[in-house]
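**Q** this one's structure only:
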């Protein structure tokens, strides 16, 4: 079961990379494929991305010491 989740997570990550690169069609296909394998893994990746985004925003908006 863990392999399935890990595979879905990896595919979803690859999809996000494609979206960032501007390849929307491939990115969406990969994310849809990952959702079919394990929707929960895609949700977990989305949560990870949101946490990373929040950390990055705090870093960018931090005043220099």
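**A** On my side now, so go ahead. Not measured: the values here are computed from a predicted model. Residues are numbered from 1 along each chain as shown.
**Q** pLDDT score for the closest residue to residue 4 other than its chain neighbours?
**A** Computed as C-beta to C-beta, 6 or more residues apart in numbering, the closest residue to residue 4 that is not its neighbour in sequence is residue 38, at 5.4 Å. For every residue, glycine as well, the C-beta is placed using N, CA and C. As predicted, residue 38 sits at a pLDDT of 97.
**Q** how many residues are close by residue 38?
**A** 19 (other C-beta atoms under 10 Å).
**Q** gap between it and residue 9?
**A** 8 Å (C-beta to C-beta, to the nearest Å).
**Q** residue 64 now?
**A** Taking C-beta to C-beta, one finds residue 64 at 36 Å from residue 9.
**Q** what sits closest to residue 21 if chain neighbours are left out?
**A** Residue 21 sits nearest to residue 27 (C-beta to C-beta, 6+ apart), 7.9 Å away.
**Q** which residues of the chain fall in helices?
**A** Remark: helices assigned in the chain by DSSP state H are 2-21, 24-37, 39-61.
**Q** quick one: low-confidence parts of the chain?
**A** The chain contains residues with pLDDT under 70 at 1, 65.
**Q** buried residues in stretch 31-41?
**A** For stretch 31-41, a neighbour-count test (16 or more other C-beta atoms under 10 Å) marks 31, 33, 34, 35, 37, 38, 41 as buried.
**Q** turn these into TSV, including distance to residue 49.
**A** Below are those laid out as TSV (distance: C-beta to C-beta, whole Å):
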residue	distance to residue 49
31	12
33	18
34	13
35	15
37	18
38	17
41	13
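**Q** so who does residue 19 touch?
**A** 27, 28, 31 (C-beta atoms under 8 Å, 6 or more residues apart in numbering).
**Q** my read: the second one touches residue 15, true?
**A** Same thing as residue 28. Yes. Using C-beta atoms under 8 Å, residue 28 is in contact with residue 15, at 7.1 Å.
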